[in-house]
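# Sequence and computational prediction follow.
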Amino acid sequence: MPDARSGRPRNDPGQYDDLAAHWWNPRGVFAMLHWLAAARGALVPPAPRDGAVLVDLGCGAGLLAPHVAGKGYRHVGVDLTASALALAAEHGVTAVRADVAAVPLADGCADVVTAGEILEHVPDLAAVVGEACRLLRPGGLLVVDTLAATALGRFVAVTLAERIPGGAPPGIHDPALFVDRAALVRECARHGVALRLRGIRPSAVGVARWLARRADTVAMVPVPTTAVLFQGVGRRG
């Protein structure tokens with residue numbers, strides 16, 4: 001069923017075309033994606049070698065780019081939305097239009113694979129995790145962030161977040177696709193990646209400053225539960 005506010009079915013990729021003008025607005029409907037991109041980029045170390053590659057699955061408009069610039073990677077972004085990829089290319093990302101469940105890149109091509117706020121949008125989690133791990137070189141780093149398949153996660157990310165400034169655009173998520181944490185860890189392990197999870201949330205002080213227009217961004221801070229929003233980090237053995 002279409003969402004009454006967005007006019008499209010939940011999780012419809014066409015919403016990203018509808019909202020294309022908002023991607024790089026730090027105070028727009030994608031504000032929290034900027035905050036998450038900064039937190040994800042902080043987990044990416046400097047490139048371990050000349051010619052290192054970072055593959056950014058579900059890259060959108062390339063919001064990760066400023067947070068990995070200068071770390072020595074060729075930044076390759078994979079996404080289905082052409083309008084977002086055009087913006088990503090403007091920010092130095094090598095754009096590849098493809099499904100993240102079938103990435104047209106070689107096995108072991110990446111020193112780092114990131115999957116930020118994409119796993120909760122895919123119907124086949126196992127396929128996407130398999131692709132992410134396939135792309136990694138031995139010793140390569142996987143960095144993810146996503147939403148947990150819990151009652152609390154659904155309430156916070158959909159019922160609440162779609163109604164507050166800086167939260168998710170209405171209809172952008174289908175809570176039926178939120179991620180089973182145990183399944184994610186299990187699938188990564190099946191492909192030789194030992195994924196460690198930690199919960200995160202926006203800083204309450206940072207949100208207050210952002211709402212008061214005293215800051216354009218909000219830091220993400222660790223929390224003791226992974227039941228809503230979480231990061232995962234692991235290396236391929």
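Structure's in. What do you need?
# Tell me the bridge partners for the one residue sitting closest to the centre of the chain.
Geometric centre of the chain, nearest residue: residue 116, 1.5 Å, by C-alpha atoms, centre = their mean. For residue 116, the beta-bridge partners are residue 145 (DSSP bridges).
# ok now the helix or strand of the chain with the lowest mean pLDDT, how far from the chain's centre?
Every helix and strand of the chain was ranked by mean pLDDT, DSSP states H and E. The lowest is helix 14-18, at a mean of 93. Distance, stretch centre to chain centre, for helix 14-18: 17 Å (C-alpha atoms, centre = their mean, to the nearest Å).
# sorry, back to before: could you tell me which residues make contact with the residue nearest to the centre of the chain?
The neighbours of residue 116, taking C-beta atoms under 8 Å, 6 or more residues apart in numbering as the test, are 33, 36, 37, 40, 56, 58, 64, 143, 144, 145. (Glycine included, C-beta is placed from N, CA and C.)
# Out of those, the closest to residue 164 would be?
The shortest approach to residue 164 among the contacts of residue 116 belongs to residue 33, at 14.9 Å (C-beta to C-beta).
# Would you tell me what the next helix or strand after the helix or strand encompassing the closest one is?
Per DSSP states H and E, residue 33 falls inside helix 31-41. On the C-terminal side of helix 31-41, the nearest following helix or strand under DSSP H and E is strand 53-57.
# Which is the succeeding secondary structure element to that following strand?
helix 65-68.
# still on that earlier bit, point out the other helices and strands that the helix holding residue 33 packs with.
The elements that helix 31-41 packs onto, with contact taken as 3 or more C-beta pairs under 8 Å, 6 or more residues apart in numbering; DSSP states H and E, are helix 65-68, strand 110-116, strand 136-147, strand 196-202, strand 220-223.
# Between strand 196-202 and it, find me the angle.
Angle, helix 31-41 to strand 196-202, by axes from the mean of the first three to the mean of the last three C-alpha atoms, to 10 degrees: 140 degrees.
# Please tell me how far the residue of the chain most remote from its centre sits from residue 221.
For the chain, the largest distance from the centre (C-alpha atoms, centre = their mean) belongs to residue 212, which lies 26.3 Å off. According to C-beta to C-beta, to the nearest Å, residue 212 stands 19 Å off from residue 221.
# again, but for residue 45
21 Å.
# So for those two, which sits in the more crowded spot?
residue 221 (14 against 11; other C-beta atoms under 10 Å).
# Nearest spatial neighbour of the more buried one, chain-adjacent residues omitted?
Nearest residue to residue 221 in three dimensions, chain neighbours excluded: residue 203, at 4.9 Å (C-beta to C-beta, 6 or more residues apart in numbering).
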